[in-house]
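>>> Sequence and predicted structure, then a few things I'm wondering about:
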Amino acid sequence: MAPKPSYEELEFHVQELKNELARMKATEERTRLAIEAVNDGLFDFDMQQNETFFSARYYTMLGYEPYEMPASRETWVNLLHPEDRKWAVTHVDEQIKKKQNWSIEFRLRAKDGNYRWILGQGKVSAWDKQGNPIRRTGIHKDITDRKEAELAQAGLIKKLNKALKDVKTLGGLIPICSSCKKIRDDKGYWNGLESYFEQHSTALFSHSLCPGCMDEIYGKDDWYIEMKEKKKKD
């Protein structure tokens, strides 16, 4: 029979356990402070222990109170925008199957009913002996301001490209007949001025006569002579 440990030995082991407990508490405190200092939401799904952890920031970045909802995969799925839900869940599951990290952007519903753009990044941090994932961890980062600026810029570029596509401009050397004043196009055909400009610009035409042409055409008509005399008097 093994001898019973002495009182001094028991006291030594008890002190060792106390020291180890103190070290664990200090580590937990440092981890808590580090999590609070980071402006990202953290998640940790431990399938082996059947435990899920969401940091306080995971909730508050969406306007919720810390731990207002249960930390679970279902909570994340339910918060996803309906248009993002299917592909976001599928993408994460596919990356896990491929044993690859993931980084995707999606929208989550905030407490006020609006949606915030979130960058979700994660990885499988533990596998069992059969190669099945048993733990996955990652972060959520609020990227709403950046995303809205990108979408606004994309919309502006789209409008600009459409405007540039719609605008037809004239440039370079335009061959014009010195006699009939027709213009030769890039296919070698001679077109009247109106036809050419309609094809190569956005200009619209209205028709009238310049004073010189008016005199040449109607210069001998009495009504025209009277009109001109009246204008002079006015």
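All right, it came through fine.
>>> center of the chain, which residue is that?
residue 147 (4.2 Å; Cα atoms, centre = their mean).
>>> Contact partners for that one?
Taking Cβ atoms under 8 Å, 6 or more residues apart in numbering as the criterion, residue 147 is in contact with 105, 117. No exception for glycine: its C-beta is placed from N, CA and C like everyone else's.
>>> Wasn't it part of a helix?
Yes - counting by DSSP: H, G, I helix; E, B strand; the rest coil, residue 147 is located in a helix.
>>> in the protein, which spans are strands?
Taking DSSP state E as the criterion, the chain carries its strands at 41-46, 51-54, 102-109, 115-127, 133-142, 183-184, 190-191.
>>> what is the orientation angle of the fifth one with strand 102-109?
Angular relation of strand 133-142 and strand 102-109 on a 0 to 180 degree scale: 60 degrees, by axes from the mean of the first three to the mean of the last three Cα atoms, to 10 degrees.
>>> Where do the domain boundaries of this structure fall?
Recorded structural domains for the chain (assignment: automatic domain parsing) are 39-150, 169-203, 208-234.
>>> shaky segments in the chain?
1-15, 17-38, 163-173, 193, 196-198, 200-209, 234 (pLDDT under 70).
>>> again, only this time at 90
Residue ranges of the chain with pLDDT under 90: 1-39, 46-51, 97-99, 125-134, 148-234.
>>> which residues in it form helices?
Ranges of helices within the chain are 7-37, 56-60, 73-79, 82-97, 144-166, 193-200, 211-218, 222-233, based on DSSP state H.
>>> Which of the residues in the last one are classified as buried?
In this case it means helix 222-233. By neighbour count on 16 or more other Cβ atoms under 10 Å, the buried set for helix 222-233 is empty.
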